[in-house]
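> No sequence on hand, only this structure:
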């Protein structure tokens, strides 16, 4: 398994440099077959707190709902048509915003490729390191999936009293 990274930079509408990173895991047919066999495409590799992005998506969705609803109502001369167009526009805009901004990495992001936008080279390097770790985790999951059949016996050691006490305290 390899990770394909494409980097590019350009200027946004304010003239600031914006860095873009596209990443995709390239894997063999056998590895892809294991992922399909165990239906791992919707698994989360790196979970992140995207609550702030969700709030932003709700604001963007609400604004798009209002604008789309007004536009649809005036264009169709029907309140219901405007409401329907506003709902579709708001949901679409909110989904787009959340998908662009989210930090959570799903397995399907690496299977099909995903684009990331970074404001600095430091953020770009951090994103690359995070993606490397996600691919390492993905690789280990696929390797584990190769050996899911069968039985395994693992010895459980007896711990000294102080270590055993620490383990018990961590359980609760």
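Thanks, I have the structure now. Small disclaimer: the values here were computed from a predicted structure and weren't measured. Residues are numbered from 1 along each chain as shown.
> Show me what the lowest-mean-pLDDT helix or strand in the chain is packed against.
The helix or strand of the chain with the lowest confidence, counting by mean pLDDT, DSSP states H and E, is strand 44-46 at a mean of 86. Where contact means 3 or more Cβ pairs under 8 Å, 6 or more residues apart in numbering; DSSP states H and E, strand 44-46 is packed against strand 105-106, helix 107-112, helix 121-145. The way it works is simple: take the backbone N, C-alpha and C, and place the C-beta from them, glycine included.
> List the strands paired with the shortest one, with their directions.
With DSSP bridges as the criterion, the sheet partners recorded for strand 105-106 are strand 44-46 (antiparallel).
> which parts of the partner strand are buried?
By 16 or more other Cβ atoms under 10 Å, the buried positions in strand 44-46 come out as residue 45.
> now the residue most central in space within the chain: how far from residue 133?
Centroid-nearest residue in the chain: residue 105, 2.7 Å away (criterion: Cα atoms, centre = their mean). Between residue 105 and residue 133 the computed distance is 9 Å (Cβ to Cβ, to the nearest Å).
> any shared contact partners between the two?
Shared contacts of residue 105 and residue 133 (Cβ atoms under 8 Å, 6 or more residues apart in numbering): residue 46.
> Redo the helices and strands packed on strand 44-46 as CSV? Include distance to residue 60 and mean pLDDT.
Listed next are those as CSV, based on distance: least, Cβ to Cβ, whole Å; pLDDT from 0 to 100:
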stretch, distance to residue 60, mean pLDDT
strand 105-106, 21, 89
helix 107-112, 21, 92
helix 121-145, 22, 90
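> Which parts of this protein are strands?
With DSSP state E, the ranges of strands along the chain come out as 2-11, 17-26, 44-46, 105-106, 114-118.
> Was I right to think residue 95 contacts residue 57?
Yes - contact between residue 95 and residue 57 holds when scored by Cβ atoms under 8 Å: they sit 7.3 Å apart.
> Looking at those two, which is more packed in?
Comparing residue 95 with residue 57 by other Cβ atoms under 10 Å, the one with more neighbours is residue 57, at 22 against 13.
> quick revisit: any chance of the helices and strands packed on strand 44-46 in a markdown table, with distance to residue 17 too?
Shown next, in a markdown table, are the helices and strands packed on strand 44-46 (distance: least, Cβ to Cβ, whole Å):
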| stretch | distance to residue 17 |
| --- | --- |
| strand 105-106 | 24 |
| helix 107-112 | 24 |
| helix 121-145 | 9 |
